[in-house]
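Enquirer: here are the coordinates; sequence isn't available:
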């Protein structure tokens, strides 16, 4: 017999309820979506409850059954006292809402998981109403400026009414992302977890033109909104008339106490152009941490595009990993004893470790995240960071754990936990991409890498990770632009940033170019940098450099004296690259068997 139809008798839906075939087709669309690609256990959960319901067993979907069948819990699982299934059901509901909002908005069938119940419901999508008619009155074009001297200001004057209509002025905007959320009252705000706090002061109009003032206020709003996507606790006073904290409301003043950073800016005319200046300062000392000037053509028509571009440039410069705020925060953590490090401190140290891949730093960051996992198990960054550290244990042999479960399996489970908590978590998605690469699922890696680059396109650590794996897999020309972007975004040069160029040149068999790139790397305790240097020098016929690099490689990894081929086998290395690396290493005097 075939599957029963998903009709009113079996599923409590109206007579035109979707059929089983339509429901299964929708299930496949959901599970193949971006919202569910990295969902892990949520995908298993959804498939199980849908199939059980279609088979007529929806009334048997209880917490115990799901825990045992989906999450492999033992038969003595206590569903009353263990909230596992309830928590996972909540995450699944959120993922379904996320999917059907933008990505699946036009799907013909809706799958929902009602609260307080594990039996899903199915219904056809409601037809979308036709958009209402909108009448637009024509208006005469504004008169052209009469003299050349008036033209630079004419653009601002023509946009005055439009700018005033769309600039949203708020008394106080407290923006937090990931683990920081806006507070409705003072006590909630003061209880927010520790993290960098930044006061964004209104950009000041230094001219006597009120229209330029609207433009300055618009830039302030754009900066504030775009900073909301960063690891920052942003305090933005009203963009009118406030110049220092003495004018702040009591609520904002107390929330901003101890805020270490201030962002200020000015807008003024400079001949036929508009100059915008932004400055980031240490609030305590007044020291200037960063500054930049932006000149724009005053005759340009795209006022809002200019505001957006300038705001994006400011935000990218000050909030980027390895940027001025990151470096200040990292220096702060170095003065703290290890036992008092917070989870955010672990994230800072993780990114610092990724810059040089020093095994000693790996052990310290691993301990930091392991302590954080016990303290804050619902924080996605904890599991995402642990996943990548376990992958480094697998790939590089760092900090081997006394655990019967191998590092690759531990990494995949930690990545799954991170993404179950927050599907958009950058560290979790980074680990997922790397894990797929190391299980030699190159197509899956590329899908995850594309998702990761959408989530955080200006994170140098993300860019170099993706670029490096693309290069090793044979797609170096695709990875090189990512590496160049990472270098442009990173004030701290060298580190592992030039590894991608080294790999690309090795793949092409160009020893001299590979050697020039390898010599620019600065990761003295990462054995792979010496392996690549030895291979590049061997290929370039520079035996003295090759032998010194090989000697340092064996100091760091004595086990490679018996052969390096097995080390390369962990990686999904393109055939030509594999051959050239082994050739260069053999010329350096290493055993390549």
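Expert: Sure thing, it's come through. Everything numeric here is computed off the predicted structure, so don't read it as measured data. Numbering: from 1, shown residues only.

Enquirer: For the stretch 201-350 of the chain, just list every one of the strands.
Expert: For the stretch 201-350 of the chain, the strands defined by DSSP state E, counting those that start in this stretch cover 204-205, 233-237, 261-270, 273-282, 288-297.

Enquirer: Lowest average confidence across these, which one?
Expert: With a mean of 64, strand 233-237 has the lowest mean pLDDT of the strands of the stretch 201-350 of the chain.

Enquirer: Residue 345 touches residue 333, doesn't it?
Expert: Yes - at 4.3 Å, residue 345 counts as touching residue 333 under the criterion of CB atoms under 8 Å. All C-beta spots, glycine's among them, are computed from the backbone N, C-alpha and C.

Enquirer: So which of the strands of the stretch 201-350 of the chain has the densest surroundings on average?
Expert: Across these, the average number of neighbours (mean count of other CB atoms under 10 Å) peaks for strand 233-237, which reaches a mean of 25.

Enquirer: Just list the residues touching the closest residue to residue 282 other than its chain neighbours, thanks.
Expert: In this structure, residue 282 finds its nearest non-sequential neighbour in residue 289, 5.9 Å apart by CB to CB, 6 or more residues apart in numbering. Residue 289 makes contacts with 261, 280, 281, 282, 324, 325, 328, as judged by CB atoms under 8 Å, 6 or more residues apart in numbering.

Enquirer: same thing with residue 415?
Expert: Residue 415 neighbours (CB under 8 Å, 6+ apart): 38, 40, 383, 384, 387, 428, 431, 432, 435.

Enquirer: And the helix or strand containing residue 50, what's buried?
Expert: If you go by DSSP states H and E, residue 50 is part of helix 41-54. Across helix 41-54, burial judged by 16 or more other CB atoms under 10 Å covers 41-50, 52-54.

Enquirer: Report the distance from it to the chain centre.
Expert: 29 Å (CA atoms, centre = their mean, to the nearest Å).

Enquirer: hang on, the earlier thing: any idea which of the strands of the stretch 201-350 of the chain gets closest to residue 31?
Expert: strand 233-237 (36.2 Å; CB to CB).

Enquirer: thinking again about what came up before, going by distance to residue 440, which of the contacts of residue 289 wins?
Expert: residue 325 (38.1 Å).

Enquirer: wait, that closest one sits on residue 319?
Expert: Yes - the pair residue 325 and residue 319 passes the contact test of CB under 8 Å, sitting 6.2 Å apart.

Enquirer: give me the low-pLDDT residue ranges for the stretch 401-550 of the chain?
Expert: Across the stretch 401-550 of the chain, the ranges flagged by pLDDT under 70 are 492-494.

Enquirer: gap between the two ends of stretch 278-287?
Expert: 14 Å (CA to CA, to the nearest Å).

Enquirer: Please enumerate residues in contact with that stretch?
Expert: Residues contacting stretch 278-287 (CB under 8 Å, 6+ apart): 199, 203, 259-265, 288-292, 294, 314, 318, 324-325, 328.

Enquirer: where does it sit relative to the chain's centre, distance-wise?
Expert: On CA atoms, centre = their mean, the centre of stretch 278-287 falls 27 Å from the chain's centre.

Enquirer: repeat for stretch 349-359
Expert: Distance of stretch 349-359 from its chain centroid, counting by CA atoms, centre = their mean, is 17 Å.

Enquirer: what do you get for stretch 564-584?
Expert: 30 Å.

Enquirer: I'd say residue 92 and residue 111 touch.
Expert: No - using CB under 8 Å, residue 92 is not in contact with residue 111, being 10.2 Å away.

Enquirer: Quick check: neighbours shared by these two?
Expert: Joint contacts of residue 92 and residue 111 (CB under 8 Å, 6+ apart) are residue 46.

Enquirer: Check which element follows the helix holding residue 50 along the chain.
Expert: Under the assignment DSSP H and E, the closest C-terminal helix or strand after helix 41-54 is helix 63-69.

Enquirer: what residues does that next one touch?
Expert: 45, 48-49, 73-75, 77, 79, 82, 84-86, 118.

Enquirer: Now those residues in JSON lines, please, with extra columns for distance to residue 480 and pLDDT.
Expert: Formatted as JSON lines, the contacts of helix 63-69 follow (distance: CB to CB, whole Å; pLDDT from 0 to 100):
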{"residue": "45", "distance to residue 480": "40", "pLDDT": "92"}
{"residue": "48", "distance to residue 480": "44", "pLDDT": "93"}
{"residue": "49", "distance to residue 480": "45", "pLDDT": "94"}
{"residue": "73", "distance to residue 480": "47", "pLDDT": "83"}
{"residue": "74", "distance to residue 480": "50", "pLDDT": "83"}
{"residue": "75", "distance to residue 480": "54", "pLDDT": "81"}
{"residue": "77", "distance to residue 480": "51", "pLDDT": "77"}
{"residue": "79", "distance to residue 480": "52", "pLDDT": "71"}
{"residue": "82", "distance to residue 480": "49", "pLDDT": "69"}
{"residue": "84", "distance to residue 480": "45", "pLDDT": "76"}
{"residue": "85", "distance to residue 480": "47", "pLDDT": "84"}
{"residue": "86", "distance to residue 480": "47", "pLDDT": "79"}
{"residue": "118", "distance to residue 480": "49", "pLDDT": "90"}
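
Enquirer: What residues of stretch 421-430 count as buried?
Expert: Within stretch 421-430, the residues scored as buried using 16+ other CB under 10 Å are 421, 422, 423, 424, 425, 426, 427, 428, 429, 430.

Enquirer: wait, doesn't the third one sit right on residue 41?
Expert: To tie it back to what came earlier, the one meant is residue 423. No - using CB under 8 Å, residue 423 is not in contact with residue 41, being 12.0 Å away.
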